[in-house]
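K.L.:
Predicted model and sequence below, questions to follow.
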Amino acid sequence: MLTSDQAGEIFDRIKKLSTADEAEVLFSGGRFALTRFANNTIHQNVAEENHVVSVRTVFGGRTARASTNQFDSDSLREVVRAAENLAKVQHPDPDLLRMQPKLPAARTGVSAPHQRFLPDISRRPPALRPSSGRRA
Amino acid sequence: MRQVAKWALDMAARRGASYAGARIVAQRSRALATKNGKVGSASDAESVGMSVRVIADGAWGFAASAELDRGSVEATAAHAVEIARASARVKQHDVRLAPEKAVVAEWATPYRIDPFSVSVDENIALLLKIDAELRSVAGITLAETNLNFNREEQWFLSSEGADIHQTKLSTGAGYAAYAFAGNEIQKRSYPNSYGGQWQNKGYELIDELKLVENARRIAEEAVALHGADQCPEGKFDLILDSSQLGLQIHESIGHPIELDRVLGMEANFAGTSFLTLDKLRTLRYGSDLVNVVADARQEHGPGLGTFGFDDEGVPAQCTPIITSGLFTGYLSSRETAHTIGENRSGGTLRAEGWNRLPMIRMTNISLLPAEKPLSLEQLIAATDHGILMQTNRSWSIDDKRYNFQFGCEIGWEIKNGKRARMVKNPSYSGITTEFWNSLDAICSRDEWTLWGTPNCGKGQPQQVMGTGHGAAPARFRGIKVGSAYKSG
């Protein structure tokens, strides 16, 4: 799972790569699992782990987004370049609001009384947990 | 990437999987759109990852991850086996796969111009030129245009020895002109509604579509519809243009022949099918003129359902679905082929991306054209009294794919072999088998187009897939027309 520190480090790298007036990075993803039953049997039982960064850049009221799920240097450079190229062909939006100043991160999640209903999808043995090594 | 797949296959085997297939997919997409002279949206996306689909203890397991380092890949494969073993605890019977010869192959969409090599500036300039042409017609109040490009590179390796590298490229483009007047909206789209025309081609498709050249005519038709009479109600001979017929095929033939629907495996999302197994080779689906195939081969054309191999390594095939009116085939997979007495999959299993389980999807489901030359104008000339309908506006079909109603953007009343008048808000309804049995004429190859439907949704989580539908204009006798939209 992507940690807050890792997300912060990715954001810093994107900020350095960007030449835009403003840049915003939206992180989404996590672990997902689904089981479907039909004809009294499981016909689909799947799990997925994925994280996506969506980069929004702004040049004088012109804004656009690009996204990737790869966080190596080349992929981050490419996603910033794409977001900037797309922003530059936009027409300026006079109603576009400036990005928010730095605020303490708000945390959301499942309230304590509901925690017991969550599936335990982190139950994998430690030996099977993903390492943080390089991608092939 | 092959090494990544091998890590997954080795781990699945070590954990006891009797079958494993690993797919590594790299997708890139670009979507550009304009709205009334401004760039409406512009986005680029890239997604890379791998999935492992295994059989262990006779049941399926599936896991996917965007992490491609060895530890993550092996963990994902082990997780897939763990999931399969959990599924096996409530299985009714073991999964049985139809045999398939494992192949080592390379396949790529043929194209002339890589759409990603064309600058965003050039693309936006084209869209804004179309936009200006549409809005130069008085009465047009909204103009929308779009360009879309997708590239998907996939490596598929299986424990049976398959090793397939496949690259698919698709291009889509279209626009719509809206005219608001009083309390009514009229709309015309080109070359088709809901995103235009899409094919597995490069940027050369954009030139072929003659987008700018048709913009003024389309805008003028949208405005003229406000002055047109309401489509009459009653039973008429109905001529459908090839794009509307493409959607009619999609909804009333393509979906009901999906064998997972027939077997009840997709019942909770968009229903099942009226085509129960007893109807194979016994049901008169249509008239003698109706010949429909599911053809994923390149020689069928550059459809969105064209590929070299499906997502379990089965080569592209042509399956006769309706043969001289008789229902002769379903869309099948290696798991489902035996349920219809086949010893080989029809090769239709596809996934939206690396992180989705492949499922039975339409390939190119096409109505074959007539062999005897017949143009649309000749078909109109041979019709005493009827309605010609063009370009889909709305669709509705029940969860057995049997009762349907479609609305189109524009209609023409035909009298004595001539287009007598334009009519607005045309619609028709029917019952699938009655409708296809009423077909009495199809135009020939010159009028045949392989349309792309880029937005076919199925499954949970929903997967959006591109499908192809070849059709030439055709005539249907005695169809209920004109009850969907009321004026005033």
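P.N.:
Received, thanks.

K.L.:
Helices along the chain, start to end?
P.N.:
In the absence of a named chain, this looks at chain A. Shown for chain A, the helices assigned by DSSP state H span residues A:4-17, A:73-88, A:112-115.

K.L.:
Not quite, go with chain B.
P.N.:
Under DSSP H, chain B gives helices at B:2-14, B:70-88, B:120-135, B:204-208, B:211-224, B:242-249, B:259-262, B:376-381, B:432-437.

K.L.:
Please tell me I have it right and B:Ala294 contacts B:Glu258.
P.N.:
No - using Cβ atoms under 8 Å, B:Ala294 is not in contact with B:Glu258, being 10.2 Å away. C-beta: built from backbone N, CA, C; applies to glycine.

K.L.:
Mutual contacts of these two, please.
P.N.:
Contact criterion Cβ atoms under 8 Å, 6 or more residues apart in numbering or on different chains; residues shared by B:Ala294 and B:Glu258: B:331, B:362.

K.L.:
residue ranges with poor pLDDT in chain A?
P.N.:
A:105-136 (pLDDT under 70).

K.L.:
what ranges do the strands span in it?
P.N.:
Taking DSSP state E, the strands of chain A run over residues A:22-38, A:41-59, A:62-68.

K.L.:
Now mean neighbour count too, for those strands, in TSV please.
P.N.:
Putting the strands of chain A into TSV (neighbours: other Cβ atoms under 10 Å in any protein chain shown) gives the following:
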stretch	mean neighbour count
strand A:22-38	15
strand A:41-59	21
strand A:62-68	22
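
K.L.:
could you dump those to a markdown table with distance to B:Lys418?
P.N.:
Formatted as a markdown table, the strands of chain A follow (distance: least, Cβ to Cβ, whole Å):
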| stretch | distance to B:Lys418 |
| --- | --- |
| strand A:22-38 | 53 |
| strand A:41-59 | 54 |
| strand A:62-68 | 50 |
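
K.L.:
Is the nearest residue to B:His79 once chain neighbours are set aside bridged to anything, and to what?
P.N.:
With Cβ to Cβ, 6 or more residues apart in numbering or on different chains as the criterion, B:His79 has its nearest non-adjacent residue at 4.2 Å, and that residue is B:Ala63. Using DSSP bridges, the bridge partners assigned to B:Ala63 are A:Ala47, B:Val52.

K.L.:
Next one: the most centrally placed residue in chain A from B:Ser65, what distance?
P.N.:
Chain A has A:Phe27 as the residue nearest its centroid, 2.4 Å off, counting by Cα atoms, centre = their mean. When Cβ to Cβ, to the nearest Å is the yardstick, A:Phe27 and B:Ser65 sit 17 Å from each other.

K.L.:
Including mean pLDDT, mean neighbour count and distance to A:Phe59, could the helices of chain B go into JSON lines?
P.N.:
Converted to JSON lines, the helices of chain B look like this (pLDDT from 0 to 100; neighbours: other Cβ atoms under 10 Å in any protein chain shown; distance: least, Cβ to Cβ, whole Å):
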{"stretch": "helix B:2-14", "mean pLDDT": "97", "mean neighbour count": "20", "distance to A:Phe59": "38"}
{"stretch": "helix B:70-88", "mean pLDDT": "97", "mean neighbour count": "24", "distance to A:Phe59": "37"}
{"stretch": "helix B:120-135", "mean pLDDT": "97", "mean neighbour count": "19", "distance to A:Phe59": "14"}
{"stretch": "helix B:204-208", "mean pLDDT": "97", "mean neighbour count": "16", "distance to A:Phe59": "27"}
{"stretch": "helix B:211-224", "mean pLDDT": "98", "mean neighbour count": "19", "distance to A:Phe59": "29"}
{"stretch": "helix B:242-249", "mean pLDDT": "98", "mean neighbour count": "26", "distance to A:Phe59": "39"}
{"stretch": "helix B:259-262", "mean pLDDT": "96", "mean neighbour count": "26", "distance to A:Phe59": "48"}
{"stretch": "helix B:376-381", "mean pLDDT": "98", "mean neighbour count": "16", "distance to A:Phe59": "49"}
{"stretch": "helix B:432-437", "mean pLDDT": "98", "mean neighbour count": "20", "distance to A:Phe59": "53"}
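
K.L.:
These into TSV, with extra columns for distance to A:Leu76?
P.N.:
Shown next, in TSV, are the helices of chain B (distance: least, Cβ to Cβ, whole Å):
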stretch	distance to A:Leu76
helix B:2-14	21
helix B:70-88	19
helix B:120-135	19
helix B:204-208	31
helix B:211-224	35
helix B:242-249	41
helix B:259-262	39
helix B:376-381	52
helix B:432-437	51
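
K.L.:
For the residue found closest to B:Tyr285 once you drop the neighbours it is linked to in the chain, the count of nearby residues, please.
P.N.:
Spatial nearest neighbour of B:Tyr285, excluding adjacent residues (Cβ to Cβ, 6+ apart): B:Phe327 at 4.3 Å. Neighbour count for B:Phe327, taken as other Cβ atoms under 10 Å in any protein chain shown: 25.

K.L.:
Which strand residues bridge B:Phe327?
P.N.:
Beta bridges link B:Phe327 to B:Ile322, judged by DSSP bridges.

K.L.:
List the residues that contact it.
P.N.:
Per Cβ under 8 Å, 6+ apart, neighbours of B:Phe327: B:275, B:279-285, B:321.

K.L.:
6 Å instead, please
P.N.:
By Cβ atoms under 6 Å, 6 or more residues apart in numbering or on different chains, B:Phe327 lies in contact with B:279, B:283, B:285.

K.L.:
Backbone dihedrals for the second one, please?
P.N.:
Pointing back at B:Leu283 there. With angles defined as degrees, to the nearest 10, B:Leu283 sits at phi -80, psi 130.

K.L.:
so who does it touch?
P.N.:
B:Phe327.

K.L.:
what about it, distance to B:Leu289?
P.N.:
16 Å.

K.L.:
swap in B:Glu342?
P.N.:
To B:Leu289, B:Glu342 is 26 Å away according to Cβ to Cβ.

K.L.:
what's the most buried one of the helices of chain A?
P.N.:
helix A:73-88 (a mean of 19; mean count of other Cβ atoms under 10 Å in any protein chain shown).

K.L.:
Send me it as CSV with only the CA atoms.
P.N.:
C-alpha atoms of helix A:73-88 as CSV (Å, rounded to 0.1, in the frame of the first residue of the first chain):
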residue,chain,number,x,y,z
SER,A,73,11.3,9.0,-13.0
ASP,A,74,10.4,8.6,-16.7
SER,A,75,6.7,8.0,-16.1
LEU,A,76,6.5,11.0,-13.7
ARG,A,77,8.3,13.3,-16.2
GLU,A,78,6.0,12.1,-19.0
VAL,A,79,2.8,12.6,-17.0
VAL,A,80,3.8,16.2,-16.0
ARG,A,81,4.7,16.9,-19.6
ALA,A,82,1.3,15.6,-20.8
ALA,A,83,-0.6,17.6,-18.2
GLU,A,84,1.3,20.8,-19.2
ASN,A,85,0.9,20.3,-22.9
LEU,A,86,-2.8,19.7,-22.5
ALA,A,87,-3.2,22.7,-20.3
LYS,A,88,-1.5,25.0,-22.8
